[in-house]
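> Build me a model from this:
(2 chains)
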Protein chains: 2
Amino acid sequence: MQQQQLPSLKDIQDAYKRIGKMINHTPVFTSRSLNQITGAFLYFKCENFQRSGAFKFRGACHAISQLLATQPVKTVATHSSGNHAGALALAAKLHDIKCIVVMPSNSPKIKIDAVREYGARIVFCAPTLQARETELERVLEQTGAAFVHPYNNFDVIAGQGTAALEFLKELKDPDCIIAPIGGGGLLSGTAITTKSLYPGITVYGAEPKGADDACRSFKEKRIIPSVNPKTMADGLLTSLSERTFKALTTFVDDIFTVSEEGILQAMQLLWQRMKIIVEPSGCVPLAAVLEHIELFSKRKTGIILSGGNVDPEFFSGGHA
Amino acid sequence: MQQQQLPSLKDIQDAYKRIGKMINHTPVFTSRSLNQITGAFLYFKCENFQRSGAFKFRGACHAISQLLATQPVKTVATHSSGNHAGALALAAKLHDIKCIVVMPSNSPKIKIDAVREYGARIVFCAPTLQARETELERVLEQTGAAFVHPYNNFDVIAGQGTAALEFLKELKDPDCIIAPIGGGGLLSGTAITTKSLYPGITVYGAEPKGADDACRSFKEKRIIPSVNPKTMADGLLTSLSERTFKALTTFVDDIFTVSEEGILQAMQLLWQRMKIIVEPSGCVPLAAVLEHIELFSKRKTGIILSGGNVDPEFFSGGHA
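Here you go, the predicted model:
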């Protein structure tokens, strides 16, 4: 399979049939007061209520089911600082196979705890991409585990695309959809699904200004790696891959960058007005709306709240 | 109308018809991991997603609609430290009448802000029941406003009973239902609805050990006022009224008291596992399950999460 091959709408629909019974069919929420504050008509796809606490479970679950369909895999492995790790660990447990995760030593505690609880083995490494890749290579060689990349993986992207598939069944005729972008798996799947079904819907990505490699890559039409990103949105630190870069440049209309204050404001609004917990990465699309009020005025806007894995101590950690 | 008269199931069903278009039909959530932790089958009625952030909107909205059906009321007034104040303020705004709320000066900021935002006038008083009642008397005399008591009110109790009505449409054949108890409006409405429809369902109340007047009143079969209650559950500090005492002693099977640690643990679990914000008062029923694991083992248990009005700073306020 080529490194740049992307799933089609059909692949995403097939993925949905495969994982439909294992995933949570997450609800779509609205909020009168957030509509009043923004002047937009907002619809929130609550992937913070997905199993393992993030959309990542869709892709991880699909990737494992596809691996098992073709070969007798006994162990999967990955490197991840967070939600992909927890999602793969849970998906492996549910498929009754083993999982090894290489995690940077500075990963959020709630995410490390989740991986442990799902019964995966954790191998800690230094918090650099190089250390992660080197350590993973060693693990793969020693164990023969199958590598499930967090986003540069055909079946993972197909799985992530099922969130938009569900969303668009419920959300009729939106003007636009916004998803956060880190490595680009969610936005790729979202954009493929949306543009294949309804080419007229605008698809936006949103990322922190402090980790704006996707926006820069998008504008300069070449992959610019993320170097020393700095943001509270710990799920959006990674660089694009060949596959997700291709999906973005083919299907996405624009990418917003947002401030840290905007992310925090969005997180507080989701708490105070909607009574839900969304991790900083998942708040980035709402931050984009808050920072572009005029652009979204009166537009029917779908927002993917990508995950909810954040410690209760977050607001006492100097962020609030 | 007698001080002890209680609404019947028919009254509650009528209330539901009257307020059905104004309230949020809140979802019922389940959680695999909370079922695993408790060994019970838990169903959560999410009144933290109700308008104004608490079930109180049901009763306030119904009381105002009933007042307006019989007299040309221009202003309503009440005393409340929190959710009833916000709920009455919003219900008054939606019915296009004025609202005055007497609030103790130490009420939570998020609840004071809500009342202000809904456009009601706040009159602050000293944080004692006597000061609240004296100040309210003055307001009623000066303005001719109609008093809507937070719970010793026929129409308010009928409105609160609609939460269980919705819950029991969705939750088939539960073994038991638990609601928190402060003044007793929610538990009264819940118990009347539940026992009238399905006498075999056990109805429990739950309150903090530090504000255990309802449990003591229930056991001693006389109203024992709440004196110097001490708990983080700021919505459960009030004493029973004649009406709610009668409902409890007629329809409720038992009342649990829970520790402050239990409340905090429940709140953290709802955050970490379900990604939702529930204020301390609303966490008391789950705390009761956590502190009586054997009693609830394998029982299909309905829990009313009564509200979600808590500041993001809660976990940095020395509670966590």
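
> Can you list the residue ranges for helices in the stretch 101-250 of chain A?
In the stretch 101-250 of chain A, the helices defined using DSSP state H, counting those that start in this stretch lie at A:109-117, A:129-143, A:154-170, A:185-197, A:213-220, A:242-251.

> Give me the helices and strands touching the first one, please.
I take that to be helix A:109-117. Helix A:109-117 sits against helix A:83-94, strand A:98-104, strand A:121-125, with contacts defined as 3 or more C-beta pairs under 8 Å, 6 or more residues apart in numbering or on different chains; DSSP states H and E. Yep, even glycine has a C-beta here, placed from its N, CA and C like the rest.

> Flag every residue of chain A that's near chain B.
A:27, A:29, A:32, A:48-49, A:51, A:53, A:110, A:268, A:271-272, A:274-278, A:308, A:312-316, A:320 (C-beta under 8 Å from any C-beta of the partner chain).

> Let's test this: name the helix or strand in chain A with the lowest mean pLDDT.
helix A:109-117 (a mean of 90; mean pLDDT, DSSP states H and E).

> what's the angle from that helix to strand A:98-104?
Counting by axes from the mean of the first three to the mean of the last three C-alpha atoms, to 10 degrees, helix A:109-117 lies at 160 degrees to strand A:98-104.

> What residues sit buried inside helix A:109-117?
A:110-112, A:114-115 (16 or more other C-beta atoms under 10 Å in any protein chain shown).

> before we move on, what about stretch A:305-317?
Across stretch A:305-317, burial judged by 16+ other C-beta under 10 Å covers A:305-312, A:314-316.

> Next step: these restricted to helices.
Using DSSP state H, no member of those falls in helices.

> Can I get those in TSV including distance to A:M232?
Converted to TSV, those look like this (distance: C-beta to C-beta, whole Å):
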residue	distance to A:M232
A:L305	16
A:S306	14
A:G307	14
A:G308	15
A:N309	13
A:V310	9
A:D311	12
A:P312	15
A:F314	9
A:F315	11
A:S316	14
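
> Give me the subset of those lying in strands.
Cross-referencing the buried residues of stretch A:305-317 against strands under DSSP state E gives A:L305.

> Need the worst-confidence member of the buried residues of stretch A:305-317.
Lowest pLDDT among the buried residues of stretch A:305-317: A:S316, with 70.

> my guess is that residue contacts B:D311, does it?
No: in this structure A:S316 lies outside contact range of B:D311 using C-beta atoms under 8 Å: 11.6 Å.

> so which residue of the stretch 201-320 of chain A comes closest to chain B?
Closest contact between the stretch 201-320 of chain A and chain B, by C-beta to the nearest C-beta, is at A:S316 (2.9 Å).

> Grab the two from the buried residues of stretch A:305-317 that are most spread out in space.
The largest separation in the buried residues of stretch A:305-317, counting by C-beta to C-beta, is between A:S306 and A:S316 at 23.5 Å.

> Nearest spatial neighbour of the residue in the stretch 1-150 of chain A positioned nearest to chain B, chain-adjacent residues omitted?
Nearest to chain B, among the residues of the stretch 1-150 of chain A, is A:N48, at 4.6 Å (C-beta to the nearest C-beta). Nearest non-adjacent residue to A:N48, counting by C-beta to C-beta, 6 or more residues apart in numbering or on different chains: A:G308, 3.0 Å away.

> Just list the residues touching that neighbour, thanks.
A:48-49, A:53-54, A:276-279, A:282, B:275 (C-beta atoms under 8 Å, 6 or more residues apart in numbering or on different chains).

> hmm, try it at 10 Å
Applying C-beta atoms under 10 Å, 6 or more residues apart in numbering or on different chains, we find A:G308 in contact with A:46-50, A:53-54, A:83, A:110, A:270, A:276-279, A:282, B:271-276.

> Show me how chain A divides into domains.
For chain A, automatic domain parsing gives the domain ranges A:9-53+A:154-316, A:56-147.

> for those, which one ends up most surrounded?
Highest mean neighbour count among these (mean count of other C-beta atoms under 10 Å in any protein chain shown): domain A:9-53+A:154-316, with a mean of 22.

> okay, which residue is most central for chain A?
Nearest to the mean C-alpha position of chain A, by C-alpha atoms, centre = their mean, lies A:L186 at 4.7 Å.

> quick one: it and chain B, what's the gap?
As judged by C-beta to the nearest C-beta, to the nearest Å, A:L186 and chain B stand 17 Å apart.

> surely that residue meets A:A87?
No: using C-beta atoms under 10 Å, A:L186 makes no contact with A:A87, being 11.8 Å away.

> Next, show the common contact partners of those two.
A:54-56, A:58-59, A:156, A:159, A:307.

> any chance of those in TSV, plus distance to A:L295?
TSV is the format used below for those (distance: C-beta to C-beta, whole Å):
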residue	distance to A:L295
A:A54	27
A:F55	25
A:K56	29
A:R58	29
A:G59	30
A:V156	31
A:G159	31
A:G307	25
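
> my read is A:P285 is in a helix, agree?
Yes: applying DSSP: H, G, I helix; E, B strand; the rest coil, one finds A:P285 inside a helix.

> circling back to that earlier point, adding distance to B:A233 and mean pLDDT, write the helices and strands packed on helix A:109-117 out as CSV.
Shown next, in CSV, are those (distance: least, C-beta to C-beta, whole Å; pLDDT from 0 to 100):
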stretch, distance to B:A233, mean pLDDT
helix A:83-94, 32, 97
strand A:98-104, 38, 96
strand A:121-125, 37, 96
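
> For A:D11, find the nearest of those.
Per C-beta to C-beta, nearest to A:D11 of the helices and strands packed on helix A:109-117: helix A:83-94, 18.2 Å.

> which ones are touching A:I224?
A:212-218, A:239-240, A:245.

> ah, wrong one, I meant A:L140
If a contact means C-beta under 10 Å, 6+ apart, then A:L140 has A:75, A:77, A:100, A:102, A:146-147 as its contacts.

> Next one: it, what pLDDT does it get?
97.

> ok, now A:G317?
Predicted confidence (pLDDT) for A:G317: 59.

> where's A:T257 relative to A:L248, distance?
Computed with C-beta to C-beta, to the nearest Å, the distance linking A:T257 and A:L248 is 14 Å.

> measure A:T78 to B:S52 for me?
44 Å.

> typo on my end, it should be A:H62
41 Å.

> Now do the contacts for A:G210.
A:226, A:228-233, A:236-237, A:257-260, A:263.

> do the same with A:E135
Counted by C-beta under 10 Å, 6+ apart, A:E135 has contacts A:79, A:102-104, A:123-126.

> again, only using 7 Å
A:102, A:123, A:125 (C-beta atoms under 7 Å, 6 or more residues apart in numbering or on different chains).

> again, but for A:L286
Applying C-beta under 7 Å, 6+ apart, the residues contacting A:L286 are A:266, A:270, A:303.

> tell me the pLDDT at the first one?
pLDDT, A:A266: 98.

> host element of it?
Assigned by DSSP states H and E, A:A266 falls within helix A:260-274.

> quick one: that helix to helix B:109-117, angle?
Relative orientation of helix A:260-274 versus helix B:109-117 (the same axes, to 10 degrees): 80 degrees.

> Who are the packing partners of helix A:260-274?
Counting by 3 or more C-beta pairs under 7 Å, 6 or more residues apart in numbering or on different chains; DSSP states H and E, the packing neighbours recorded for helix A:260-274 are helix A:32-38, helix A:280-290.
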